[in-house]
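> Sequence first, predicted model second:
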Amino acid sequence: MGMKTVFLLLLLSLAACAPEQVKNITQQSGVDFKAYKTYNFMDVNARNEADFQGPGTGIETLKQAVSREMARRGYQQSDTPDLLVNIGVVIKDKTQTRQTTIQEAPFYIGQRNYRWQSQEVKTGTYEEGTATVEVVDAARNELIWEGSVASVLTPKPDKLTKRINDAIRTLFDKYPVPPQS
């Protein structure tokens, strides 16, 4: 295996392990998030959850991860909740690229007295999942907090579960109520 191949594999493995990225946080001001005690997920039919049942979406894993983070903050799941939680999922195919180097330029016999420009070279594709969590005041039917987090997806179920759990934990680090000790 050549040095370039080893370097390329190293780059790909680093990108595949890239941490989750919080993309957006929106919070309504003047809301006492500690006043709420209970939560539940929005009506399944209203969210058309059947659209997210394909392989790789992990909607059940997402719901479990959100439930765990809500419980860590003292909220209890209830049929008559103070808060409603809505989860959205977007999955996009992404292309991984790298820059060419001058060593990869063709070798010429004559002098090169002009500019050589680096190019993007496609090295692979991957799927990136973005989960958006919306928290709604159930009594007022008002969005009070929203956050979205992106993570590279994997077809391996155990790794997918870990990535989803890590992404939701990272997202909830931005939630206005810290975990209880």
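Yes, it's here.

> Let me see the ranges of the helices in this protein.
With DSSP state H as the criterion, the chain has helices at 3-16, 44-47, 59-72, 157-172.

> Kindly report which one of the ones you listed carries the lowest mean pLDDT.
Note on the helices of the chain: lowest mean pLDDT is at helix 3-16, with a mean of 42.

> Next, count neighbours for Val85.
Neighbours of Val85 under the rule other Cβ atoms under 10 Å: 20. (C-beta placed from N, C-alpha, C; glycine too.)

> Need the nearest residue in space to it, chain neighbours excluded.
Phe41 (5.2 Å; Cβ to Cβ, 6 or more residues apart in numbering).

> which ones are touching the one you found?
Residues in contact with Phe41 (Cβ atoms under 8 Å, 6 or more residues apart in numbering) are 63, 66, 84-87.

> Which pLDDT value belongs to it?
So, for Phe41, pLDDT stands at 94.

> Dihedrals phi and psi, the closest residue to Glu127 other than its chain neighbours?
Leaving out its chain neighbours, the residue that sits closest to Glu127 by Cβ to Cβ, 6+ apart is Leu153, at 4.3 Å. Dihedral angles of Leu153 (phi, psi; degrees, to the nearest 10) stand at phi -90, psi 160.

> Leu153 touches Thr125, doesn't it?
No. Leu153 lies out of contact with Thr125 (Cβ atoms under 8 Å); the separation is 11.6 Å.

> Name the residue in those two with the higher neighbour count.
Leu153 (20 against 9).

> where does that one land on pLDDT?
78.

> Quick one: the strands in the protein, in order.
Under the criterion DSSP state E, strands of the chain are mapped to 21-27, 38-41, 76-77, 83-99, 120-137, 142-152.

> nearest to Asp173, of those strands?
Closest to Asp173 of the strands of the chain, according to Cβ to Cβ: strand 21-27, at 8.1 Å.

> Perfect, that will be all.
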